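**Student:** Please find the sequence and the predicted model below.
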Amino acid sequence: MSEKVVVIYSGGMDSYTVLNKALKQGHEVYALSFNYGQRHVKELEVAKEVCDDLNVPHKIVDISAINQLLAGSSLTDDIEVPEGHYEEESMKSTIVPNRNMILLSLAVGYAVSLKANKVFYGAHSGDHAIYPDCRPEFVKKMDDVCRIANYDEVEIVCPYLNNSKIDILTDGLKMGLDYSQTWTCYNGREKACGKCGACQERLEAFELNQATDPLSYE
């Protein structure tokens, strides 16, 4: 009998790979996406299309009301998205305060209601420099608390926690995944900008995998 799991699925490259990895491992996957007021809400449209195609149960939950509490991020406020490499100091403006702790808490609650015992999310080593809530020590502490927060133990699973986006793409390409079904750019325009940190990291991953990114860029 397959194991029920919840996958936090943004619609981006990393969570798309995690979603498919969980499916290929034989899990009964329930995808969970969040509208937290991000300017790149286009990623949610992509996520819905993918789940429809894969026949994966999918919920998109609107939690955008929390933005009256979580100010100061260029992803949710009227602040220009910085250009440049992901590890540059300016990219700290893309941090949404406490985002992953909030999303993981909601996903764990959903998992308990489903009687699922794992929540997957796509933190990876490329995030460690900028995002505190993607670092191994954060994941370990969240895993500890989520195992005792309910009568039913829930494990936090990050398959790529110690891998780079390059490694994630390598694994996804080996699985035969179609990355035209993902959205990475922090600007939610018709085409990807190619200049924000998210785009640059994505393009670097394709270049180092000697592969062509199927997305169109401005």
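**Tutor:** Noted; the coordinates are in hand.
**Student:** all strands for the protein, in order.
**Tutor:** 4-8, 28-35, 58-62, 118-120, 155-157 (DSSP state E).
**Student:** which residues touch the last one?
**Tutor:** Residues from elsewhere that reach strand 155-157 (CB atoms under 8 Å, 6 or more residues apart in numbering): 5, 104, 108, 117-121, 139, 142-143, 146-147. Yep, even glycine has a C-beta here, placed from its N, CA and C like the rest.
**Student:** and if we set it to 10 Å?
**Tutor:** Contacting residues not belonging to strand 155-157 are listed as 5-8, 18, 22, 27, 104, 107-108, 111, 116-121, 123, 138-147 [CB atoms under 10 Å, 6 or more residues apart in numbering].
**Student:** Just list the residues touching residue 202, thanks.
**Tutor:** Per CB under 10 Å, 6+ apart, neighbours of residue 202: 12-14, 86, 165, 169, 179, 182-185, 192, 194, 196, 213, 215.
**Student:** correct me, but residue 29 touches residue 15?
**Tutor:** No: look at residue 29 against residue 15 with CB atoms under 10 Å: they stay out of range, at 11.7 Å.
**Student:** sorry, back to before: can you list the strands of the chain in CSV and add distance to residue 206, mean neighbour count and mean pLDDT?
**Tutor:** Shown next, in CSV, are these (distance: least, CB to CB, whole Å; neighbours: other CB atoms under 10 Å; pLDDT from 0 to 100):
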stretch, distance to residue 206, mean neighbour count, mean pLDDT
strand 4-8, 23, 24, 98
strand 28-35, 24, 21, 96
strand 58-62, 26, 15, 96
strand 118-120, 23, 24, 98
strand 155-157, 26, 20, 97
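**Student:** any chance of those in a markdown table, with distance to residue 49 too?
**Tutor:** Converted to a markdown table, the strands of the chain look like this (distance: least, CB to CB, whole Å):
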| stretch | distance to residue 49 |
| --- | --- |
| strand 4-8 | 16 |
| strand 28-35 | 12 |
| strand 58-62 | 10 |
| strand 118-120 | 20 |
| strand 155-157 | 25 |
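**Student:** picking up where we left off before, quickly list what's touching both of residue 29 and residue 15.
**Tutor:** What both residue 29 and residue 15 touch, as defined by CB under 10 Å, 6+ apart, is the set 7, 9, 120.
**Student:** ok, these vs residue 58, which is closest?
**Tutor:** residue 9 (7.4 Å; CB to CB).
**Student:** what's the nearest residue to that closest one if we skip its chain neighbours?
**Tutor:** residue 31 (4.2 Å; CB to CB, 6 or more residues apart in numbering).
**Student:** Report the contact partners of the one you found.
**Tutor:** If you count contacts by CB under 10 Å, 6+ apart, then residue 31 has 5-9, 11, 15, 19, 22-23, 47-48, 50-51, 54, 56-60, 120 around it.
**Student:** chain center to the longest helix along the chain: distance?
**Tutor:** Taking DSSP state H as the criterion, the chain has its longest helix at helix 99-114. Relative to its chain's centre, helix 99-114 lies at 14 Å (CA atoms, centre = their mean, to the nearest Å).
**Student:** Remind me what it packs against, helices and strands.
**Tutor:** strand 4-8, strand 28-35, strand 58-62, strand 118-120, helix 136-148, strand 155-157 (3 or more CB pairs under 10 Å, 6 or more residues apart in numbering; DSSP states H and E).
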